[in-house]
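1. Here's a sequence, model it:
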Amino acid sequence: MILHTTRAMTVAWGLYGKLGFVRSEDLDFQQDTLPVFGFRLRLSDGMQRMQEAQAR
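-> Below is the predicted model:
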């Protein structure tokens, strides 16, 4: 699974990391003057982390 975000959402980047997403520079792009950053999650890793988070 991939997601794209901007610097305006850097606080959420921590949440993405806790869910198992990792920065993937190969997914980054520029939309006009706005840099857009990509994150990638292997679904098998993400499901395990989400289950662990729900158990807490």
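
2. okay, CA-based contacts and neighbour counts for the rest of this
-> Will do.

3. residues in contact with the helix or strand bottoming out on mean pLDDT in the chain?
-> Of all helical and strand segments in the chain, the minimum by mean pLDDT, DSSP states H and E falls on helix 43-55, at a mean of 74. For helix 43-55, the external contacting residues (Cα atoms under 8 Å, 6 or more residues apart in numbering) are 1, 18, 19, 20, 21.

4. can I assume the first one is in contact with residue 27?
-> No - Residue 1 lies out of contact with residue 27 (Cα atoms under 8 Å); the separation is 11.7 Å.

5. neighbour count winner among those two?
-> For the pair residue 1 and residue 27, the greater number of neighbours falls to residue 27 (14 against 9), based on other Cα atoms under 10 Å.

6. Apart from its chain neighbours, what residue comes closest to the more buried one?
-> Nearest residue to residue 27 in three dimensions, chain neighbours excluded: residue 38, at 4.7 Å (Cα to Cα, 6 or more residues apart in numbering).

7. Beta-bridge partners for the one you found, please?
-> residue 4 (DSSP bridges).

8. residue contacts, it?
-> 2, 3, 4, 5, 23, 24, 25, 26, 27, 28.

9. wait, doesn't the fifth one sit right on residue 40?
-> Yes - counting by Cα under 8 Å, a contact exists between residue 23 and residue 40, whose distance comes to 6.4 Å.

10. where do the contact lists of these two overlap?
-> With Cα under 8 Å, 6+ apart, residue 23 and residue 40 have no common neighbours.

11. For the residue nearest to residue 27, give me the pLDDT.
-> pLDDT, residue 38: 97.

12. Use 53 as the first number from now on
-> Shifting the count to begin at 53 puts that one at residue 90.

13. Pull up the gap between residue 87 and residue 63, please.
-> Applying Cα to Cα, to the nearest Å, the value for residue 87 to residue 63 is 16 Å.
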